[in-house]
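Peer 1: All I have is the shape, not the residue letters:
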């Protein structure tokens, strides 16, 4: 528009954000404690402020106004006036330009300087001081946008939980080194939508991709000053906008195209979301959006000293989901990604924080209650990271029905069992059976346990078998960051080696752990690249590496070893989908007798006899046989025996009675071997290996 009116029209308090109606744009933003809010407009470059208006109305703590003739593409921000009284939780500073929390698109990038802070950096009065410099030149601005896309006949795959196999990956890292993608599209949703990438995922057999955060996020100042970047993206500054680097041409429809093409291939899209904190950091952090609009409402503050943020997240601040408008923002965001982008589910970072109330974690908190009753979200897959750093922050198994949870006890037990640790057999047995001791409550099912041996947060699986210690020197923190206990082993040499014996042992242990993930009851999750041996060179905290440390090295996938491992993973997934007994929809406790002496689940020693209570308590016994049985429609019973040998020596196993003709479906020591007939009752399971045996028992008269 070439000219502006003298003032805004009244507009409407709903919907929040900037809404273009074809004739103009309505602006609405929440602040319970502001005394005045200004709308600032910028030229198309975003560098020069060209107009400023007071939002003329405040309805139910929503400030709003309508600008006639305001068109799509208009660049804007807010300035909020009110008390600057940190002791009372208020940090209003109209010299700081603020992002719209509901912005769909950003223009420009964050450029760090002391002007971004509401107080004078290095002042003796610290954050009690007041900074009068204009922050607008260094902050991104919001852009008036619309959501238009032809979804055609798009259908959500609606994969049942019992058949779901999740592939955790990163939009950028997965394709930055993918040679079949055009250079300008690598690391973006355009690459994820490429036919070759989707073909790779489909051939592997996964049913869902779980993407690390795709919301726009802040690059940490400390990392920038060290020449590093926030790669993972757990530093959100906009819950309705896509991180600009993930769009090759700036169009948000790039993500929609990717979702639609993945859906057409039968693959669901789950996004990792960070609603527990924002990128503004602690009370000593910058003023970019929420802090300047209403610090006392958006953040949880220490009750008896509201100058300070509660830091249950370990990131400096904690979003206050007890406030109805903050909760509304989160719910609006979730609905937006489901309705406008057709995503199929969410993984909630630090999910315990989302259930916190004044008295601590509560599975009946406002957030969980709102989420579970929302019609638009009923079909969405909901996954929680069930912990945070606050008091009582470990809440594995305590989320409400409808949620799956990352099961770190599965991860740790799997690593320890295959490392050969003493006393791990009972724990590992419980994990393979779906962790009913953790999740069998309130009619939850085994799928509630997200089973994984590696995730983005920690070693890759190849590094679990190659490094005993973390090697995070490249992070610039003197190797003090990251988890110090990884339950890993290098099997003789730290890191790379040419020793064939060590390499063979590593490969066996890696395959055994992959088999454990994919053959256990629950929902399996693979870390992207583990299927071909991706390494981060021993770095178990690669959050700050937007480089070759984190990016997928596809040359490993093309190497003979990588192709063989990928084929092995594909075989495991195919077996899981073929045999329902490997993915039971109910918790099993060995109480259902399907045929004389044959129960739905049972545990045996290597000699074929049932495990006694004294034997379970013996920490030195490591060999284990898990047999699962399932009644078929024709009255026969399918038997699947998983024979596990985590020791360094080959061991014979005797199949438990009744013994029937069968075949070995998979032997992790010989991944190329499959469907081998079992000639007798004895099977040799090689060191550090697992064998899956199938047989069928014809059911006799009862």
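Peer 2: Good, I have the coordinates. Predicted model, so just to flag it, every value in this text is computed and none were measured. Numbers count the residues shown, from 1 in each chain.

Peer 1: Any regions of the stretch 551-700 of the chain where pLDDT drops low?
Peer 2: Scanning the stretch 551-700 of the chain for pLDDT under 70 picks out 699-700.

Peer 1: Can you show me the strands along it?
Peer 2: With strands called from DSSP state E, counting those that start in this stretch, the stretch 551-700 of the chain shows them at 593-595, 598-599, 601-604, 624-631, 637-645, 651-654, 662-667, 676-678, 682-685, 689-697.

Peer 1: where do the helices sit along the stretch 501-650 of the chain?
Peer 2: Per DSSP state H, counting those that start in this stretch, the stretch 501-650 of the chain carries helices over the ranges 554-558, 560-578, 613-617.

Peer 1: coming back round to it: just send the strands of the stretch 551-700 of the chain back as a markdown table, with mean neighbour count and distance to residue 86 too.
Peer 2: For the C-beta atoms, the positions are set from N, CA and C on the backbone; glycine is no exception. As requested, the strands of the stretch 551-700 of the chain are exported to a markdown table (neighbours: other Cβ atoms under 10 Å; distance: least, Cβ to Cβ, whole Å):
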| stretch | mean neighbour count | distance to residue 86 |
| --- | --- | --- |
| strand 593-595 | 16 | 67 |
| strand 598-599 | 18 | 64 |
| strand 601-604 | 20 | 58 |
| strand 624-631 | 22 | 58 |
| strand 637-645 | 23 | 58 |
| strand 651-654 | 18 | 66 |
| strand 662-667 | 20 | 61 |
| strand 676-678 | 14 | 71 |
| strand 682-685 | 17 | 64 |
| strand 689-697 | 22 | 58 |
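
Peer 1: Distance to residue 52 for those strands - can I get that in a markdown table?
Peer 2: Listed next are the strands of the stretch 551-700 of the chain as a markdown table, based on distance: least, Cβ to Cβ, whole Å:
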| stretch | distance to residue 52 |
| --- | --- |
| strand 593-595 | 75 |
| strand 598-599 | 74 |
| strand 601-604 | 69 |
| strand 624-631 | 68 |
| strand 637-645 | 68 |
| strand 651-654 | 78 |
| strand 662-667 | 68 |
| strand 676-678 | 77 |
| strand 682-685 | 74 |
| strand 689-697 | 67 |
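
Peer 1: gap between residue 149 and residue 259?
Peer 2: Distance, residue 149 to residue 259, using Cβ to Cβ, to the nearest Å: 10 Å.

Peer 1: and the two? which has more neighbours close in?
Peer 2: When residue 149 and residue 259 are compared for neighbours, residue 259 comes out ahead with 27 against 17, by other Cβ atoms under 10 Å.

Peer 1: got the buried residues for the helix or strand hosting the more buried one?
Peer 2: Element membership for residue 259, per DSSP states H and E: helix 253-264. For helix 253-264, burial by neighbour count (16 or more other Cβ atoms under 10 Å) applies to 253, 254, 255, 256, 258, 259, 260, 261, 262, 263.

Peer 1: and the third one, what is it in contact with?
Peer 2: Residue 255 makes contact with 189, 214, 242, 246, 247, 341 under the criterion Cβ atoms under 8 Å, 6 or more residues apart in numbering.

Peer 1: Sort out which of those are in helices and list them.
Peer 2: Counting by DSSP state H, the part of the contacts of residue 255 found in helices is 189, 341.

Peer 1: Please convert the contacts of residue 255 to CSV, extending it with distance to residue 660.
Peer 2: Shown next, in CSV, are the contacts of residue 255 (distance: Cβ to Cβ, whole Å):
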residue, distance to residue 660
189, 51
214, 50
242, 55
246, 53
247, 57
341, 50
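
Peer 1: Pick the one among the contacts of residue 255 closest to residue 155.
Peer 2: Comparing the contacts of residue 255 against residue 155 with Cβ to Cβ places residue 341 closest, at 14.8 Å.

Peer 1: how much space between that closest one and residue 333?
Peer 2: 11 Å.

Peer 1: Let me see the contact set for residue 214.
Peer 2: For residue 214, the contact set (Cβ under 8 Å, 6+ apart) comprises 171, 233, 242, 243, 246, 255, 271, 272.

Peer 1: Now the second one: closest residue in space, sequence neighbours ignored.
Peer 2: Spelled out, it's residue 233. Sequence neighbours aside, residue 213 is the residue nearest to residue 233 in space, at 3.7 Å (criterion: Cβ to Cβ, 6 or more residues apart in numbering).

Peer 1: quick one, what contacts the one you found?
Peer 2: Contacts of residue 213 (Cβ under 8 Å, 6+ apart): 232, 233, 234, 236, 243, 271, 272, 273, 274, 349.

Peer 1: ChimeraX command to pick out the buried ones of the contacts of residue 255?
Peer 2: Selection of the buried residues among those in ChimeraX, burial being defined by 16+ other Cβ under 10 Å:
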select :189,214,242,246,247,341
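
Peer 1: and the contacts of residue 255 as a markdown table, adding pLDDT and distance to residue 468?
Peer 2: Listed next are the contacts of residue 255 as a markdown table, based on pLDDT from 0 to 100; distance: Cβ to Cβ, whole Å:
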| residue | pLDDT | distance to residue 468 |
| --- | --- | --- |
| 189 | 98 | 38 |
| 214 | 98 | 34 |
| 242 | 98 | 39 |
| 246 | 98 | 35 |
| 247 | 98 | 41 |
| 341 | 98 | 42 |
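
Peer 1: what residues are shared contacts of residue 341 and residue 333?
Peer 2: In contact with both residue 341 and residue 333: no residue, using Cβ under 8 Å, 6+ apart.

Peer 1: May I have the beta-bridge partners of the residue nearest to the spatial centre of the chain?
Peer 2: Nearest residue to the geometric centre of the chain (Cα atoms, centre = their mean): residue 272, 4.2 Å. In this entry, residue 272 is beta-bridged to residue 347, by DSSP bridges.

Peer 1: Residue 604 too?
Peer 2: Applying DSSP bridges, one finds that residue 604 bridges with residue 610, residue 625.

Peer 1: Could I get the average pLDDT for stretch 432-452?
Peer 2: Mean per-residue pLDDT for stretch 432-452: 98.
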